[in-house]
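**Student:** just a sequence and a predicted model for now, questions to come.
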Amino acid sequence: MSTSRTKAVVVGYAKSKKPLLFRIKVSSPMDMGADISWLSTFPGEHEVLYPPLTYLKPMIRQPIKGCEGFVYTVKPSFPS
């Protein structure tokens with residue numbers, strides 16, 4: 001799963017009438033994905049990767065102002 005730390009990048013990819021965004025809540029350094037900005041063709045995207053089968057536990061659902069979309073706050077957990 002590929003993500004970005006930059007809100008402007010996320011908004012750029014979420015151009016639809018009903019966007020669905022995930023805000024990843026990291027409670028410890030062990031929950032963080034791998035920062036691969038140094039490998040990226042677009043380092044300004046501040047891309048972070050999570051391993052396959054990462055489970056995202058939904059915690060909070062919030063509407064996005066001005067559209068019909070939602071932001072879900074999720075907590076990642078990795079396969080063991």
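**Tutor:** Okay, I see it. Numbers count the residues shown, from 1 in each chain.
**Student:** burial check on residue 4, number of neighbours?
**Tutor:** 18 (other C-beta atoms under 10 Å). All C-beta atoms are positioned from the backbone trio N, CA, C, and that covers glycine.
**Student:** same question, residue 50
**Tutor:** That count, for residue 50 with other C-beta under 10 Å as the rule, works out to 18.
**Student:** next one: residue 76
**Tutor:** Residues near residue 76, counting by other C-beta under 10 Å: 21.
**Student:** pretty sure residue 70 sits against residue 58.
**Tutor:** No. Taking contacts as C-beta atoms under 8 Å, residue 70 lies outside contact range of residue 58: 10.5 Å.
**Student:** which one's more surrounded, these two?
**Tutor:** Each of residue 70 and residue 58 has its neighbours counted (other C-beta under 10 Å); residue 70 has more, 14 against 10.
**Student:** what sits against the nearest residue to residue 31 once chain neighbours are set aside?
**Tutor:** Once flanking residues are discounted, residue 31 sits nearest to residue 76: 5.5 Å by C-beta to C-beta, 6 or more residues apart in numbering. Going by C-beta atoms under 8 Å, 6 or more residues apart in numbering, residue 76 touches 24, 26, 31, 33, 50, 54, 55, 56, 57.
**Student:** again, only using 7 Å
**Tutor:** Counting by C-beta atoms under 7 Å, 6 or more residues apart in numbering, residue 76 touches 24, 31, 50, 54, 56.
**Student:** the residues you listed: which two are farthest apart?
**Tutor:** Of all pairs drawn from those, the greatest distance, 11.0 Å, lies between 31 and 56 (C-beta to C-beta).
**Student:** and residue 7, how far from residue 23?
**Tutor:** From residue 7 across to residue 23, the span is 10 Å (C-beta to C-beta, to the nearest Å).
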